[in-house]
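Student: Task: produce atomic coordinates for the following.
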Amino acid sequence: MKKKHHHKKKPSWIKKWSAKLHLWLGLSVGLVVFIVSLTGSMYVFKDEIQNILRKDAIWVKPGTITQSPVPIAVLKEKVSLEINEKYPISSVEIPLDKNKSYEFLYYEKDKKGWNYFQEVKINKLVYVNQYTGQILGVYDEKYDLFPILKAIHWSLLLKTDWGKYAVGIPVVLFIIMLLTGIVLWWPKNKKARRARFSFDWKNVKTWKRKNYDLHSILGFYVSFIALLMGLTGIYFSYPWVKNVFNFTLSGSLELPKEKDIKSPDSLLAKNHSIYDITARETKNLYQESSSFRIPLNGKNKKGKELKNIPVTVYQKEGRFSERSLIVFDKYSGKILSNKPHQSLTNAEKYANANYDIHTGSYFGLFGKIIWFLAGLVCTSLPVTGFLIWWGKYKKQGKKKS
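Tutor: Model (predicted):
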């Protein structure tokens, strides 16, 4: 009587090509994925770490608190004289918590610079006691760990205009790798499914098998968060991705553009207390907010001259997702427009929230912890994946010899 031979079922063409894509893309962009994932993980708890390290600069001494702070223009002049930088102060961030200090920022970019250190002329943060004018701390953010980590994560320390594609392209390929990885992980039956969800190393002695399980099981669990990280990441790099989000959320490819409002008081002499007027009005309108930022150099982020004074209001500390915008006349301080977070379109709300979703801060401390752990797993995937390939490559080499 002839024995029946049980032939292994050949993998489908989908799994076959998924395996090839997963391998080729992994070998080609694995190093970039490792760097981007590691720097992203290290950046997640930036605020928590800096709040501890800069505690003495962030908080003013209770005994120095008075009813009204020193005028902003006076503080600005004092900081300029003491710091003695050739660049003007860019902005001031004012907390609504009276116990916290003002943050004066110097920030200038060089469009001709080809890398991070050439492109950023200055990025300096000065903490000032608003009641006494005392400088509590000066931090050169250009050479601080977290801005450098962010620059590596964003553009591999290359010029941001085109360096973002040096990261953006590998991230797109990483998204494809995640999708092909899910296809490869997907079990054929219920029995196989159990082994794909958990580690069962009681009878497993070889490091190769353990390494394979680490890659496939951890990779599966992290894949959905990693997809969200990847999509929110390329949102910054590619305008077409942003357009897809905009159209899906609000039915329009582009976000509504802020209209330049002509000043009705342009013939008036500029009020010397203009910044204090804007600060006072902002506090009255948004009493439950965390802080607000006032530009002091008359320029926007792109270096173009501002026709008015746009004040950005942050609703929650450490979050950019819920923010409002008030535009003041730069001569008289009158409110020209007030755009609260609640009045924004869905696409505008998402545009504000994308950074927080990407870093996990949108979901609070719990979200940051999950994002941090997911980032570490993503960092390990190129390593465990390479070891799987290397083991197979060496095995094939032995067979040939």
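
Student: Over the helix or strand encompassing residue 356, what's the mean pLDDT, rounded is fine.
Tutor: Under the criterion of DSSP states H and E, residue 356 resides in helix 346-359. The average pLDDT within helix 346-359 is 96.

Student: Any idea how far the helix or strand following that helix is from the middle of the chain?
Tutor: Next helix or strand after helix 346-359 toward the C-terminus (DSSP H and E): helix 364-400. On the basis of CA atoms, centre = their mean, to the nearest Å, helix 364-400 sits 23 Å off its chain's mean C-alpha point.

Student: Just want the angle from helix 364-400 to helix 346-359.
Tutor: 60 degrees (axes from the mean of the first three to the mean of the last three CA atoms, to 10 degrees).

Student: buried residues in the helix holding residue 356?
Tutor: 347-359 (16 or more other CB atoms under 10 Å). C-beta here means a position set from N, CA and C on the backbone, and glycine is covered the same way.

Student: Can you check the distance spanned by stretch 257-276, start to finish?
Tutor: Distance between the boundary residues of stretch 257-276 (CA to CA, to the nearest Å) amounts to 28 Å.

Student: Name the surrounding residues that touch it.
Tutor: Contacts of stretch 257-276 from elsewhere in the structure, counted by CB atoms under 8 Å, 6 or more residues apart in numbering, are 71-73, 76, 92, 277, 294, 296, 307-310, 325, 327-334, 336-337.

Student: Apply 6 Å and report the result again.
Tutor: If you take CB atoms under 6 Å, 6 or more residues apart in numbering as the criterion, stretch 257-276 is touched by 71, 72, 73, 294, 307, 329, 331, 332, 333, 336.

Student: Same check on stretch 346-353?
Tutor: With CB under 6 Å, 6+ apart, stretch 346-353 has contacts from 246, 249, 250, 255, 321, 323, 362.

Student: now the last one, nearest residue through space, not along the chain?
Tutor: Using CB to CB, 6 or more residues apart in numbering and skipping the chain neighbours, the partner closest in space to residue 362 is residue 356 (3.7 Å).

Student: can you tell me which residues contact that neighbour?
Tutor: Taking CB under 6 Å, 6+ apart as the test, what residue 356 contacts is 319, 320, 321, 362.

Student: hmm, which two among the residues you listed are most spread apart?
Tutor: 320 and 362 (9.2 Å; CB to CB).

Student: Kindly reformat the contacts of stretch 346-353 as a markdown table containing secondary structure.
Tutor: Below are those laid out as a markdown table (DSSP: H, G, I helix; E, B strand; the rest coil):
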| residue | secondary structure |
| --- | --- |
| 246 | helix |
| 249 | helix |
| 250 | helix |
| 255 | coil |
| 321 | coil |
| 323 | strand |
| 362 | helix |
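
Student: closest to residue 33 among these?
Tutor: Out of the contacts of stretch 346-353, the member with the shortest distance to residue 33 (by CB to CB) is residue 362, at 22.9 Å.

Student: Next, count neighbours for the closest one.
Tutor: Other residues within reach of residue 362 by the criterion other CB atoms under 10 Å amount to 19.

Student: Could you say which helix or strand holds the residue nearest to residue 292 when sequence neighbours are not counted?
Tutor: Excluding its sequence neighbours, the residue lying closest to residue 292 (CB to CB, 6+ apart) is residue 313, at 4.4 Å. Secondary structure assigned from DSSP H and E places residue 313 in strand 309-314.

Student: Against which helices or strands is that strand packed?
Tutor: Judged by 3 or more CB pairs under 6 Å, 6 or more residues apart in numbering; DSSP states H and E, strand 309-314 is in contact with helix 274-285, strand 291-295, strand 323-328.

Student: Now mean pLDDT, mean neighbour count and distance to residue 40 too, for these, in CSV please.
Tutor: What follows is these, written out as CSV (pLDDT from 0 to 100; neighbours: other CB atoms under 10 Å; distance: least, CB to CB, whole Å):
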stretch, mean pLDDT, mean neighbour count, distance to residue 40
helix 274-285, 96, 18, 33
strand 291-295, 97, 21, 25
strand 323-328, 96, 22, 23
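
Student: With distance to residue 183 as added columns, please give the ones you listed in a markdown table.
Tutor: Shown next, in a markdown table, are the helices and strands packed on strand 309-314 (distance: least, CB to CB, whole Å):
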| stretch | distance to residue 183 |
| --- | --- |
| helix 274-285 | 52 |
| strand 291-295 | 46 |
| strand 323-328 | 39 |
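
Student: To residue 159, which of those lies closest?
Tutor: Comparing the helices and strands packed on strand 309-314 by CB to CB, strand 291-295 comes nearest, at 23.9 Å.

Student: Now do that closest one against helix 274-285, angle only.
Tutor: Comparing the axes of strand 291-295 and helix 274-285 via the same axes, to 10 degrees yields an angle of 150 degrees.
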